[in-house]
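# sharing a sequence plus its predicted fold:
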Amino acid sequence: MSFLVDNYVCRLYNLVQNGGENHRKLCVELFKNRFFITRSAPKRDVDREKDGLELRKTCDFCYDNDFDSEMCPVPCTMLEMIIGISKRMSEQLMDEDGEDKTAQYFWEIMENLGLDCWDDDNFGWDTGLAQKKIEKTCEILCKRQYNPDGTGGGMFPMPGLLGINQKKMEIWYQMQEYINWKYRIEWV
C-alpha cells in the first residue's frame, strides 16, 4: 500500500480503536477485502457502499471531493462499509449526550462476525490463518451465505428469530431489526 493509503487506513483505525487491544492488522486485512454486492442482494445495499466511500472525504483521503483511483484502487472496502454502518448505528442509537459510539458498534459487529479475537498478538502472519478467516468471513457476508436469522456470518445475528430472512433484506433493514431486537427500540 502507498503512504497515502497507509495513512488513510491509520485514520480509519483511529475511528474504531478498541481500548488497550491492538487490532491494526485486522483493520488492514479488512481494508484489503472489497465490499461487493451480488446480483441477488437488495439493490439499496449500494447505499452502504456510499457510506463507506464517504469516509474518504471525512478522513481527508481525497481532495476536492474527487476520488483518485490510483491512491486506492478498490471501490469500497469491507473496513469502510463496516465503519459506515457502525456510524449509522451510532446515529440511530444516539442518546441525550450525543456521544459518537461508532467504535462501540464497530466492535459489536466484529464480535458478531467472530473477528474480534484477531488482535495483533493472535494474528498469525506466518500461517495466514487470520487472513484466510477474514477473507472467508467477508465472502460469507457479501454473498449472504449466512443463516436467515443472521447467524453463521451476518453482521446482525438474531438467533432463533423466525419470520425474518436477513439474506433477502437490505443491510440497513437488517440493522434496524437488530437494534429493535437487541436494544428494544420502538421506531416512531
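Alright, I've got the coordinates.

# show me which positions of stretch 79-98 end up buried.
79-90 (16 or more other C-beta atoms under 10 Å). Just so you know, the C-beta spots here come from the backbone N, C-alpha and C atoms, and that holds for glycine as well.

# need the contact partners of it.
9, 12, 15-16, 27, 30-31, 33, 35, 48-49, 51-56, 100-106, 109-110, 155, 171-172, 175-176, 179, 183, 185 (C-beta atoms under 8 Å, 6 or more residues apart in numbering).

# and these, which of them are in strands?
Judged by DSSP state E, strands contain none of the contacts of stretch 79-98.

# of the residues you listed, buried ones?
In the contacts of stretch 79-98, the ones that pass as buried (16+ other C-beta under 10 Å) are 9, 12, 15-16, 27, 30-31, 33, 35, 48-49, 51-53, 55-56, 101-103, 105-106, 109-110, 155, 171-172, 175-176, 179.

# cross those residues against helices and list the overlap.
9, 12, 15-16, 27, 30-31, 48-49, 51-53, 55-56, 102-103, 105-106, 109-110, 171-172, 175-176, 179 (DSSP state H).

# report the central residue of the chain.
By C-alpha atoms, centre = their mean, the chain has its centre lying nearest to Ile82, at 1.4 Å.

# how near is it to Leu15?
Counting by C-beta to C-beta, to the nearest Å, the gap between Ile82 and Leu15 amounts to 11 Å.

# shared neighbours, those two?
Common neighbours of Ile82 and Leu15, using C-beta under 8 Å, 6+ apart, are Phe106.

# quick revisit: and which of the buried residues of stretch 79-98 is nearest to Lys132?
Using C-beta to C-beta, Leu79 comes nearest to Lys132 of those, at 17.3 Å.

# from Arg48, how far out is that closest one?
When Leu79 is compared with Arg48 (using C-beta to C-beta), they lie 13 Å apart.

# then Pro148?
20 Å.

# now Ile164
18 Å.

# one more: Glu170?
Glu170 is 8 Å from Arg48, by C-beta to C-beta.

# count the neighbours of Lys167 for me.
Under the neighbour criterion other C-beta atoms under 10 Å, Lys167 is assigned a count of 18.

# swap in Glu135?
16.

# for the one 4 residues further on, same thing?
Residues lying near Glu139 (other C-beta under 10 Å) number 14.

# now it, nearest residue through space, not along the chain?
Distance criterion C-beta to C-beta, 6 or more residues apart in numbering; nearest residue to Glu139, sequence neighbours excluded, is Gln145 at 7.5 Å.

# what do you get for Ile179?
Ile185 (5.2 Å).

# ok, the one you found - contacts?
So Ile185 contacts 92-93, 179 (C-beta under 8 Å, 6+ apart).

# picking up where we left off before, can you tell me the SS state at the residue nearest to Glu139?
What DSSP: H, G, I helix; E, B strand; the rest coil gives for Gln145 is coil.
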